[in-house]
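Enquirer: would you be able to build a 3D model of this:
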Amino acid sequence: MVAEAAPTGMDPAALRAEALDLARRILATGPADPVEAVARRVPVTVLGRALGVRDLDALVAAVPPAAAVYLSGTDRPAKADAAVAVLVQLLGPGSGGSGLVVANRIAILMQACEATAALIRNAVRQASGATGRWPAEAIVAETLRFDPPVPALRRIASVTCSLGGRTIDAGTAVTLDLRAANRDPAVFADPDRFDPGRTEPSVLTFGVGRRPCPGAGHAVHLAAGTVDAILGLTEETAR
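Expert: Numbers count the residues shown, from 1 in each chain. The predicted model follows:
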C-alpha cells in the first residue's frame with residue numbers, strides 16, 4: 001500500500017492551526033504523558049477530519065493496529081485486517097473515493113500515526129536540549145535532519161550505475177541511511193549539533209526526485225502545530 005500522490009484539498013496552514021488547537025485542548029485535560037496523549041491522536045484526527053471522516057474516534061482506534069503491522073512488513077494478524085476493514089468502511093465509497101484513492105488515504109493516515117507521531121516525539125526530545133527559543137517549524141525542520149523519524153529510505157535502482165566506485169545493477173535494492181546522509185560534514189557545519197537556526201540545504205528525510213513523500217508538507221505542519229502546543233511556544237488567544 002503506497003501513496004503516490006499528494007493529498008489535495010488540504011490547506012497546510014489550516015492543518016497546523018487545527019493541530020495546535022486540538023493538542024491544546026487535549027493537554028488541558030492533564031494527561032499523565034502529555035507527548036503520547038497527542039503524538040498519534042492529533043495527526044490522525046486532523047487528517048481524518050480533512051478527509052471527511054465522520055467517526056473520528058473509530059478512525060483513531062483503527063489506524064494504530066493497522067499501521068503497526070502493515071508498515072513493519074510483518075504477518076497480518078486478524079486484528080490488523082479487521083482494522084483495515086474499518087478504515088475502508090470509513091474512507092470507502094461513501095467518501096467519494098475509488099479503491100486506489102482509499103488505499104492512498106489509508107497509507108497517509110498510517111504514516112501520520114507512525115512517522116508524524118515519531119517526528120513529534122523526537123522534536124520535543126531534541127528541543128529540550130536546544131539553546132534559545134525557536135519557532136516550532138525550525139525545531140521540526142532540524143529534527144528531520146538530526147533525528148529523523150524514519151532512519152532509512154529503500155529504493156530500487158532503475159538503471160545500472162556506478163556510485164562511490166561500486167557498480168549498482170539495475171533492479172538492485174538500495175538503502176539510504178538518512179542519519180548518516182543528514183550529518184554529512186561536507187554539507188552541514190557541525191553536523192552532530194542540534195541547531196534549529198541552520199540555513200543549509202533541505203535534508204533527504206522526505207525523499208527527493210520522482211518519488212518524494214506525498215504528505216511531507218502536511219506532516220511538517222501537523223507536527224509543528226502539535227509541538228507548538230506541547231512546548232507552549234505561542235500564546236493561546238482568547239476565544
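
Enquirer: show me what counts as buried in stretch 109-128.
Expert: 109-124, 126-127 (16 or more other Cβ atoms under 10 Å). (C-beta placed from N, C-alpha, C; glycine too.)

Enquirer: now do stretch 17-37
Expert: Within stretch 17-37, judged by 16+ other Cβ under 10 Å, the buried ones are 18, 19, 20, 21, 22, 23, 24, 26, 27, 34, 35, 37.

Enquirer: identify the residues contacting it?
Expert: Identification of contacts with stretch 17-37 by Cβ atoms under 8 Å, 6 or more residues apart in numbering yields 38, 41-43, 45-46, 49, 120-121, 124, 221-226, 228-230, 234, 236.

Enquirer: if you set the cut-off to 10 Å instead, what comes out?
Expert: Contacts to stretch 17-37, defined as Cβ atoms under 10 Å, 6 or more residues apart in numbering, come from residues 11, 38-39, 41-43, 45-47, 49-50, 116-117, 120-121, 123-125, 136, 218, 221-230, 232-234, 236, 239.

Enquirer: thinking again about what came up before, dump the buried residues of stretch 17-37 to TSV, plus pLDDT.
Expert: Shown next, in TSV, are these (pLDDT from 0 to 100):
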residue	pLDDT
18	98
19	98
20	98
21	98
22	98
23	98
24	98
26	98
27	97
34	96
35	97
37	96
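
Enquirer: how close does residue 70 sit to residue 187?
Expert: 33 Å (Cβ to Cβ, to the nearest Å).

Enquirer: again with residue 62
Expert: Note on residue 62: its distance to residue 187, by Cβ to Cβ, is 40 Å.

Enquirer: between those two, which one's more packed in?
Expert: Higher neighbour count among residue 62 and residue 187: residue 62, with 25 against 14, using other Cβ atoms under 10 Å.

Enquirer: and the helix or strand harbouring the more buried one, what other elements does it pack with?
Expert: Using DSSP states H and E, residue 62 sits within helix 56-70. Judged by 3 or more Cβ pairs under 10 Å, 6 or more residues apart in numbering; DSSP states H and E, helix 56-70 is in contact with helix 41-50, helix 78-91, helix 99-111.

Enquirer: does residue 88 touch residue 59 like I think?
Expert: No - using Cβ atoms under 10 Å, residue 88 is not in contact with residue 59, being 11.7 Å away.

Enquirer: the helices in the protein, which residues?
Expert: For the chain, the helices defined by DSSP state H occupy 12-27, 34-39, 41-50, 56-70, 78-91, 99-111, 117-127, 136-146, 178-181, 216-231.

Enquirer: and the most centrally placed residue in the chain, what does it touch?
Expert: Nearest residue to the geometric centre of the chain (Cα atoms, centre = their mean): residue 116, 2.7 Å. Counting by Cβ under 10 Å, 6+ apart, residue 116 touches 19, 39-40, 42-44, 47, 108-109, 149, 215, 218-223, 226.

Enquirer: now residue 79: how far from residue 129?
Expert: 38 Å.

Enquirer: check contacts around residue 138.
Expert: Residue 138 makes contacts with 127, 130, 132, 195, 196, 197, 198, 224, 233, as judged by Cβ under 10 Å, 6+ apart.
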